[in-house]
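Q: Mind looking at a prediction? Sequence and model below.
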Amino acid sequence: MSEPVATTDRGHDYGYAHTLSSPPPQATRAADGTDLQQGPMRWTRLVYENREFVFHDELVIDVTGSEQGWVFESKGLGLIGFATEQQEALQAFRQDFAACWDNIALADDSELAKDAIAFKRSLKAFVKECGTIE
């Protein structure tokens with residue numbers, strides 16, 4: 001099974017739309033064909049395994065990398081994916097998002113701390129729909 005990619009509604013099948021004010025991205029091609037870029041990215045949906053999360057608004061992802069590793073970070077949601085390889089950091093971010101959805105957004109409030117309940121509300125307000133894809 002090939003690794004899923006995050007996608008946008010802007011006709012990019014490889015996952016990213018850059019803001020016009022962004023500097024030219026540094027791009028590499030991942031094994032699954034995803035263009036991996038350094039700089040700000042905006043996603044309107046995210047695919048992880050067999051699920052697709054569609055967002056009400058764009059999710060801004062800051063991507064930075066160096067010899068020490070790569071970071072995919074959403075400051076708005078407080079999520080981060082880190083790894084030594086850019087493709088692995090992208091996958092870590094996707095996995096973190098899906099895990100937060102599964103373990104926080106879908107949890108009963110009685111099982112969550114106050115700050116987790118606030119995060120749950122933010123996630124649920126941000127995600128327009130979550131569905132299974134084939």
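A: Yes, it's here. Residues are numbered from 1 along each chain as shown.
Q: Quickly list what Gly69 is bridged to.
A: Ser66 (DSSP bridges).
Q: same thing with the one 5 residues further on?
A: The residues listed as beta-bridge partners of Ser74 by DSSP bridges are Leu79.
Q: Tell me how far it lies from Ala98.
A: Ser74 sits 13 Å away from Ala98, going by CB to CB, to the nearest Å. The C-beta positions use only the backbone N, C-alpha and C, and glycine is treated the same way.
Q: centroid residue for the protein?
A: Arg94 (4.8 Å; CA atoms, centre = their mean).
Q: That residue belongs to a strand?
A: No. According to DSSP: H, G, I helix; E, B strand; the rest coil, Arg94 belongs to no strand; its state is helix.
Q: excluding its backbone neighbours, what's nearest it?
A: When the adjacent residues along the chain are set aside, Arg94 lies closest to Tyr48, with 4.3 Å between them (CB to CB, 6 or more residues apart in numbering).
Q: I'd assumed Phe97 was in contact with the one you found.
A: Yes. Using CB atoms under 8 Å, Tyr48 is in contact with Phe97, at 6.8 Å.
Q: these two touch, right, Lys124 and Ala107?
A: No. Taking contacts as CB under 8 Å, Lys124 lies outside contact range of Ala107: 11.1 Å.
Q: on that earlier part again, out of Tyr48 and Phe97, which sits in the more crowded spot?
A: Set Tyr48 next to Phe97 and count neighbours by other CB atoms under 10 Å: Phe97 wins out with 23 against 20.
Q: my guess is the more buried one is in a helix, correct?
A: Yes. Per three-state DSSP, Phe97 lies within a helix segment.
Q: Please list all residues in contact with it.
A: Leu46, Tyr48, Phe53, Leu77, Leu79 (CB atoms under 8 Å, 6 or more residues apart in numbering).
Q: of all those residues, which comes closest to Glu85?
A: Tyr48 (17.8 Å; CB to CB).
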